[in-house]
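**Student:** Here is a sequence together with a model predicted from it:
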There are 2 protein chains.
Amino acid sequence: MERSTRQRTAIRNTIEQSERPLAPQEILALAQAEVPQLSLATVYRNLALLQEAGEISTVLLPGDSARYESVHLDHHHHFQCQKCERVFDIPGCVGDLLNSVPRGFVVERHEITLYGTCKGCGPTAKAGGKKRDVSGAATAHSHSHKSHGH
Amino acid sequence: MERSTRQRTAIRNTIEQSERPLAPQEILALAQAEVPQLSLATVYRNLALLQEAGEISTVLLPGDSARYESVHLDHHHHFQCQKCERVFDIPGCVGDLLNSVPRGFVVERHEITLYGTCKGCGPTAKAGGKKRDVSGAATAHSHSHKSHGH
DNA sequence: TCTTTATTGATAATGATTTCGCATTTGCGT
DNA sequence: ACGCAAATGCGAAATCATTATCAATAAAGA
């Protein structure tokens, strides 16, 4: 059966406790604080397991590779900082104003991504600070759990 | 200086005349109707040039590779069919209801992607029809040019 | 504690997309 | 018509995220 390993627990906690979607690399870096020798392959293997178990969901952003977050979150969208590249959750939804599609098209799901500057990076230059920092701290929402459906 | 070649013209026309964003492979397939020996490398090289020239823009969808479309289009968003995987333009915008971001965050741009079933695929099974068809015909908007700002 | 086997770590392998290298072709100004 | 640099074709090479290998490790029940 499914065993409880230190690495799996670390990975799960890292995701569950994060206030924003994390990329595999970020998860690796953060979880290594708890399990130093943790391998990226293990992160991927567990992401797959946790996903099958329905504990986490995949967050896909335009032109970027997958990130993961807890499924125990209200319906929300994402904000990616154009400087630090980190992704934050934005609570709420713009509404069902999505009926403007042409005749014959049926919408089942939607994805909204906002781009700009995050709290941490402040309203300075348009861009600049290269690459991600893998750690990160800033928060964007109050982590209100449960109660889906938008 | 910049020369006018048959392949460049074919590529430009293909994109300009398409009613939806096209992936490099799709552009290759469509433009080969005009220039049979066209190479994929040439498509990529010209996409870069046309983009620098400000003629086309990149369309990025969550978890998918880049597509390209003319910049001469009103502000709009995209709809991807979950069956044929083709991407259509959806005119208009849900509005500036994007002020719901947390304090300290500044939104500069947004991206909205709708998922569902397109006109051509009809409201049948949830999914199924594998892979793209590279050609495609269906239309989703009236191609009204110019007049940005949303 | 012993046994079984899920799990891990390290690394090679994939698969897909995009870029390069280079010899050949071809616009385009003269 | 000439000449040269831009542009092309095609295959190799580079990226990159994700997956597969496989020997070694360590949960969990007996």
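**Tutor:** That came through, no problem.

**Student:** Tell me the secondary structure at the residue in chain A sticking out farthest from the centre.
**Tutor:** Note on chain A: the largest C-alpha distance from the chain mean falls to A:R103, namely 33.4 Å (C-alpha atoms, centre = their mean). The three-state assignment at A:R103 reads coil, by DSSP: H, G, I helix; E, B strand; the rest coil.

**Student:** show me the contacts for it.
**Tutor:** Counting by C-beta atoms under 8 Å, 6 or more residues apart in numbering or on different chains, A:R103 makes contact with B:K119. Yep, even glycine has a C-beta here, placed from its N, CA and C like the rest.

**Student:** A:C93 against A:H78, yeah?
**Tutor:** No. With contacts counted by C-beta atoms under 8 Å, A:C93 stays clear of A:H78, the gap being 11.8 Å.

**Student:** ranges for the strands of chain A?
**Tutor:** A:56-59, A:67-70, A:76-81, A:87-91, A:106-117 (DSSP state E).

**Student:** Point out the most buried one among those strands.
**Tutor:** strand A:76-81 (a mean of 24; mean count of other C-beta atoms under 10 Å in any protein chain shown).

**Student:** Say whether chain B is contacted by that strand.
**Tutor:** Yes. Strand A:76-81 is in contact with chain B by C-beta under 8 Å from any C-beta of the partner chain, via A:F79.

**Student:** is it true that A:P21 touches A:D89?
**Tutor:** Yes. Using C-beta under 8 Å, A:P21 is in contact with A:D89, at 7.1 Å.

**Student:** hey, what's in contact with both of the two?
**Tutor:** With C-beta under 8 Å, 6+ apart, A:P21 and A:D89 have common neighbours A:69, A:78.

**Student:** where do the contact lists of A:C93 and A:H78 overlap?
**Tutor:** A:I112.

**Student:** which other residues reach stretch A:30-43?
**Tutor:** Contacts of stretch A:30-43 (C-beta under 8 Å, 6+ apart): A:6-7, A:10-11, A:13-14, A:18, A:22, A:24-25, A:27-28, A:134-135.

**Student:** Which of these sits closest to B:T113?
**Tutor:** For the contacts of stretch A:30-43, the minimum distance to B:T113 (C-beta to C-beta) is 21.3 Å, reached by A:L22.

**Student:** circling back: now render the strands of chain A as JSON lines, adding mean pLDDT.
**Tutor:** Below are these laid out as JSON lines (pLDDT from 0 to 100):
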{"stretch": "strand A:56-59", "mean pLDDT": "94"}
{"stretch": "strand A:67-70", "mean pLDDT": "96"}
{"stretch": "strand A:76-81", "mean pLDDT": "88"}
{"stretch": "strand A:87-91", "mean pLDDT": "87"}
{"stretch": "strand A:106-117", "mean pLDDT": "87"}
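
**Student:** now those in JSON lines, with distance to DNA strand D?
**Tutor:** Below are these laid out as JSON lines (distance: least, C-beta to the nearest atom of the strand, whole Å):
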{"stretch": "strand A:56-59", "distance to DNA strand D": "8"}
{"stretch": "strand A:67-70", "distance to DNA strand D": "8"}
{"stretch": "strand A:76-81", "distance to DNA strand D": "15"}
{"stretch": "strand A:87-91", "distance to DNA strand D": "14"}
{"stretch": "strand A:106-117", "distance to DNA strand D": "16"}
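
**Student:** out of the ones you listed, nearest to B:K119?
**Tutor:** If we rank the strands of chain A by C-beta to C-beta, the stretch that ends up nearest is strand A:106-117, at 9.2 Å.
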